[in-house]
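Undergrad: build me a model from this:
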Amino acid sequence: MPDYTIHVNGEQKTITADADTPLLWAIREQLGLTGTKYGCGKGYCGACTVHFDGRALKSCVLPVSGATNAEITTVEGLAQKELHPVQKAWISTDTPQCGYCQPGQIMAATALLAGNPNPSEKEIQNAMAGNICRCGTYPRILKAIKLAIQNMNP
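TA: Numbering: from 1, shown residues only. This is a model prediction of the structure:
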């Protein structure tokens with residue numbers, strides 16, 4: 001199997017994998033970053049969402065061979081010296097129920113706010129549409145995103 005060098009959470013990492021191995025499995029199995037979750041394996045649910053050059057991307061459908069020239073950020077990489085404002089808002093609003101989809105939800109929300117710091121409710125709904133929550137915490141997710149917007153734009 002070939003080696004691939006990828007840039008994850010600000011660090012260069014070497015992955016040994018088949019070219020078509022999903023980035024999700026490289027992140028979880030080889031790098032031990034288990035915040036990125038496996039949901040459907042087809043890019044429908046969003047549990048595996050990471051940032052790919054700042055854009056929200058489903059890591060279960062991207063082969064590791066396609067990630068060598070990009071900056072990848074996982075939910076573990078959001079917090080620098082302290083939690084990201086979206087992470088703080090998630091905690092503040094007690095958003096998660098089971099929590100399984102929440103890393104993907106947080107990654108989608110942070111990508112949205114990085115590109116649009118003051119989105120409308122419709123823009124939030126559109127950006128979050130690719131992330132499914134089986135527990136139905138959508139009202140709390142929306143509330144957390146609105147709180148993050150408020151905290152990021154005083």
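Undergrad: so where does the residue positioned nearest the centre of the chain fall, helix or strand?
TA: The centre of the chain sits closest to Met107, judged by C-alpha atoms, centre = their mean, with a distance of 2.9 Å. Using DSSP states H and E, Met107 sits in helix 102-115.
Undergrad: so what's Tyr100 up against?
TA: Contact partners of Tyr100, counting by C-beta atoms under 8 Å, 6 or more residues apart in numbering, are 37, 39, 47, 134. For every residue, glycine as well, the C-beta is placed using N, CA and C.
Undergrad: let's go with 7 Å and repeat that
TA: Tyr100 makes contacts with 37, 47, as judged by C-beta atoms under 7 Å, 6 or more residues apart in numbering.
Undergrad: now do the SS call for it.
TA: Secondary structure for Tyr100, judged by DSSP: H, G, I helix; E, B strand; the rest coil, is coil.
Undergrad: now it: how far from Gln80?
TA: The gap separating Tyr100 from Gln80 is 25 Å, by C-beta to C-beta, to the nearest Å.
Undergrad: which residues touch the residue nearest to the centre of the chain?
TA: Neighbour list for Met107: 49-51, 56, 75 [criterion: C-beta under 7 Å, 6+ apart].
Undergrad: and the pLDDT at it?
TA: Met107 carries a pLDDT score of 98 in this model.
Undergrad: and stretch 136-146, which residues are buried?
TA: Buried residues in stretch 136-146, defined by neighbour count with 16 or more other C-beta atoms under 10 Å: 137, 140-145.
Undergrad: what does stretch 93-100 give?
TA: For stretch 93-100, a neighbour-count test (16+ other C-beta under 10 Å) marks 93, 95-96, 100 as buried.
Undergrad: for the record, mean pLDDT for that stretch?
TA: Per-residue scores along stretch 93-100 average to 94.
Undergrad: can I get it as PDB, trimmed to CA atoms?
TA: This file holds the C-alpha atoms of stretch 93-100, laid out as PDB (Å, rounded to 0.1, in the frame of the first residue of the first chain):
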ATOM      1  CA  THR A  93     -27.600  25.400  24.800                       C
ATOM      2  CA  ASP A  94     -27.300  21.800  25.800                       C
ATOM      3  CA  THR A  95     -27.800  20.900  22.100                       C
ATOM      4  CA  PRO A  96     -26.800  17.200  21.900                       C
ATOM      5  CA  GLN A  97     -29.200  14.400  22.800                       C
ATOM      6  CA  CYS A  98     -27.400  11.200  21.900                       C
ATOM      7  CA  GLY A  99     -24.500  13.300  20.500                       C
ATOM      8  CA  TYR A 100     -23.500  11.000  17.600                       C
END
